[in-house]
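> Sequence and predicted structure, then a few things I'm wondering about:
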Amino acid sequence: MSAMDIQPVTLQGQHVRLVPLRIDHAAGLLPHAREPEIWQYMPYGVIDSLERMHWLIDEMHRRRDKGSDLPFAITKTTPDGSEGEPIGMTRYMFIDRANRGTEIGGTWLGAAHRRSACNTETKLLMFQHAFEAWQCVRIQLRTDTRNTRSQRAIERIGAVREGVFRKNMIMPDGYVRSSIFYSIIDEEWPAVRARLQEMLTAH
């Protein structure tokens, strides 16, 4: 695969299989999405019905078709390595081919799978594909300044905090959000990969 060849791809791990997001994932994702706290810091509003899940997947497909995003369903790996139950979503966003960079975001998992091997391996697979297949030089992450759990998780893997974009996003409930930006650059990737592999082994 050539650098920044942005094509739908399946990323296979021991615990999860990240597959191109499809509309037929909606029904399986919905039971995991029915927690308001998942959507508290997301710009989409609460996803609590099949209609809303269809809307979200359609929106991800629109962004994919524009070339800015590449969305995945996070599915559990079955004993034969095939696609199992969908348990969440993640995506590459703000894909910047000219400067070999992207952002990883829009990630959510049902409560049973947070702070789990599934969560850790999802991060590992996403970073690994971007740095090693796409040859990215920079990957950024962002989170709401109120979301301390997300901040701790990002800092735990070794991402560097770069600063705060003040009042950069108006949320569905009218709250004007500020966002903390983090990054990992290519020379930092070996240490981050080792950290993620160590965390995965510890699960």
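All right, it came through fine. Numbering: from 1, shown residues only.
> helices or strands up against the host helix or strand of residue 169?
Following DSSP states H and E, the helix or strand that holds residue 169 is strand 160-170. If contacts are counted by 3 or more C-beta pairs under 8 Å, 6 or more residues apart in numbering; DSSP states H and E, strand 160-170 sits against strand 176-185. No exception for glycine: its C-beta is placed from N, CA and C like everyone else's.
> who does the strand it packs on touch, helix- and strand-wise?
Counting by 3+ C-beta pairs under 8 Å, 6+ apart, strand 176-185 packs on strand 138-144, helix 148-156, strand 160-170.
> wait, which of the ones you listed is closest to residue 79?
Residue 79 sits nearest to helix 148-156 of all the helices and strands packed on strand 176-185, at 28.8 Å, using C-beta to C-beta.
> what mean pLDDT does the closest one have?
Throughout helix 148-156, pLDDT has a mean value of 95.
> Could you tell me how far it lies from the centre of the chain?
Distance of helix 148-156 from its chain centroid, counting by C-alpha atoms, centre = their mean, to the nearest Å, is 14 Å.
> what's the angle from that helix to strand 176-185?
Interaxial angle, helix 148-156 versus strand 176-185 (axes from the mean of the first three to the mean of the last three C-alpha atoms, to 10 degrees): 10 degrees.
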